[in-house]
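> would you be able to build a 3D model of this:
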Amino acid sequence: MTTRRTIGALMIASLALFASACSSDSEESEGSGSKSTTTVASDSAADTTTTEAPLSDEDYAASVEAISTAINGAGADLCALSTVTTEGPPTPTTEAQVESAVGLYGQLLNAVANAFPAESAAKGEALKTAATTLETDARAAGYPVDFFESESSSAALSGDGYTEAMTEYQTIYAATCQPENTAPATAPPG
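The predicted structure follows:
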C-alpha cells in the first residue's frame, strides 16, 4: 500500500491531521467499507491478508465530500479543523479520484492557513502556496494515479516557508488546542 502510505505522509507532512491515512495495512480503511479480506490456503492460519477494494469514482467523491463538509464546518477554528480531519480519504485509484484528493488537500491547506491567528498569518501564506502548487502540478500532470508518489507532490509540500508554517501550526495547536492541566502538549494528531 505504497500509495496509501505516501498519501498519509503527505497529510502528516502538510498538516499532521490525517492520522489514520498513514495507518498500518491492518488498520487501513477501517470503518470505510472499502476493505476486503482474502485468505490463502496454507498450513498456517496467519496467512490472512487485508486488501483495499477500490472505490467507484462516485463513492470516492462521496467520501471526499464528507471530509470537505467537515472542513467547511470547522471554519477558521484550528482546533476544530484538527478534530474533524482525523482520517484522510481512501487511496485514489483513478485520475478522477486523484483530482478529488488533490482538491481536498488544497482545501485543507487553505483552511489551516486561514485559521492562523493574525500574528501568524504571514507564515500561513506558505500553506496557501503549497496548496496552489500541489493543485497546479497535479493538473499539469493530468492527475496520474501515482501523483502522490511523485517528486512534484513532495516539492509542493516542501517549498519556501513550508516547514516554518508547519512548526507554527504545531505551536498554535499545542498552545490552544490542548486541554489545560494535562501532560505537556504534544504535536497534533498524526
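> residue boundaries of the strands in this structure?
Assigned strands in the chain, in chain order: 35-39, 48-52 (criterion: DSSP state E).
> confidence-wise, which of those strands is weakest overall?
Here the lowest mean pLDDT among the strands of the chain goes to strand 35-39, at a mean of 38.
> quick one: contacts of stretch 70-81?
The contact list for stretch 70-81, computed with CB atoms under 8 Å, 6 or more residues apart in numbering, reads 17, 83-85, 104, 107-108, 111-112, 114-116, 169, 172-173, 176-177. Backbone N, C-alpha and C define where each C-beta goes, glycine included.
> please indicate which of those are buried?
When neighbours are counted using 16 or more other CB atoms under 10 Å, those contain these buried positions: 17, 84-85, 104, 107-108, 111-112, 115-116, 169, 172-173, 177.
> quick one: which of these is nearest Thr91?
Distances from these to Thr91 were compared by CB to CB; the smallest belongs to Leu104, at 13.2 Å.
> so where's this protein uncertain?
Applying pLDDT under 70 to the chain picks out residues 1-52, 179-190.
> narrow the contacts of stretch 70-81 to those in helices?
Those of these mapping onto helices are 83-84, 104, 107-108, 111-112, 114-115, 169, 172-173, 176, per DSSP state H.
> just send these back as TSV, with distance to Leu55 too.
Shown next, in TSV, are the ones in helices among the contacts of stretch 70-81 (distance: CB to CB, whole Å):
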residue	distance to Leu55
Thr83	24
Val84	21
Leu104	14
Gln107	19
Leu108	20
Ala111	24
Val112	26
Asn114	29
Ala115	29
Tyr169	30
Ile172	34
Tyr173	31
Thr176	35
